[in-house]
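> Mind folding the following:
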Amino acid sequence: MEVSCRDLGTMDYKECWDLQQSLFDASVARKSAGSSPVPGIGNNPDDAGTILLVEHPPVYTLGKSGHAENLLVAREALEAMGARFFHIDRGGDITFHGPGQLVCYPILDLERIGIGLREYIDTLEEAVIRTVAEYGIAAGRIAGASGVWIDPEGRRPRKICAIGVRSSRFITMHGFALNVSTDLEWFTRINPCGFTDRGVTSIASETGLRPSMQEVKRTVVRKLAAALRCEIAADL
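Numbers count the residues shown, from 1 in each chain. As a prediction, the model looks like this:
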């Protein structure tokens, strides 16, 4: 089973969302059509989808079940700071994307990979846990709270990676955002992921290291391939 990977560098959030949506729609259409070819999407039976890797300019996104009150400043104030805001169709509450953060959008057919949605989310978390372990960070999970956490059993856990996905006919979109060297000040304008009693952190904040984004991308791809038990074709 093979998955392709595209490194988009830095891309505007809306432009990337539109790209995700086009890949997602084409995959769903191909699946609905059975074996019929769909223009613009590969028809190799071993092709399980595409992974997009990207950094965004500053942007806040609110999931479909999120609460607007978790944005703590006016949207006009965000725009004055150079940030944008989108209410989107993934699960989860509000989060931030920006420079120094690796965002990964897998558009995958889970039936071809052979896992269900809950296992898929666990797999994304596991890939990130293994990624940050490469930098000496021990991370884990919190029951009932998606994402990857540092000191999950402590008095004030801190999230290093947010996860929010959407799926239809077992095709996925959206994904996860790993804080590599993100300016954490951006998170003070929200209740991240809806929590008021938990913090946010990054690889740089935890370790003092500032690994290159390309290095982290390569590590993430390796760990995802192992966790998903598939080949990921990437030129990184």
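
> what residues are up against His67?
Applying CB atoms under 8 Å, 6 or more residues apart in numbering to His67 gives the contacts Asp93, Ile94, Gly194. Heads up, the C-betas are built off the backbone N, CA and C, glycines and all.

> Show me the strands in the chain, by range?
In the chain, the strands defined using DSSP state E lie at 2-10, 47-55, 59-62, 84-87, 94-97, 101-108, 139-142, 145-150, 158-168, 171-179, 199-200, 231-233.

> Specify which member of the contacts of His67 is nearest to Val103.
Nearest to Val103 among those: Ile94, at 15.2 Å, using CB to CB.

> Give me the distance between the closest one and Ser22.
Distance of Ile94 to Ser22, computed by CB to CB, to the nearest Å: 25 Å.

> How about residues contacting stretch 125-143?
Outside stretch 125-143, the residues touching it (CB under 8 Å, 6+ apart) are 146-150, 152-153, 157, 160-161, 163, 176, 178, 203, 206-207, 209, 211, 216, 219-220, 223-224, 226-228.

> Sorry, wrong one. I was asking about stretch 74-90.
Applying CB under 8 Å, 6+ apart, the external contacts of stretch 74-90 come out as 13-14, 17, 57-64, 66, 71, 98, 164-166, 173-174, 186, 189.

> Give me the mean pLDDT for it.
The average pLDDT within stretch 74-90 is 91.

> From the chain's centroid, how far away is that stretch?
Relative to its parent chain, stretch 74-90 has a centroid offset of 18 Å by CA atoms, centre = their mean, to the nearest Å.

> Can you list the buried residues in that stretch?
For stretch 74-90, a neighbour-count test (16 or more other CB atoms under 10 Å) marks Leu78, Ala83, Arg84, Arg90 as buried.

> Compare neighbour counts for Ile94 and Ser22 and give me the winner.
It is Ile94, of Ile94 and Ser22, that has more neighbours when counted by other CB atoms under 10 Å, with 25 against 13.

> quick one: contacts for the more buried one?
60-63, 66-67, 70-71, 190-194 are the contacts of Ile94 under CB under 8 Å, 6+ apart.
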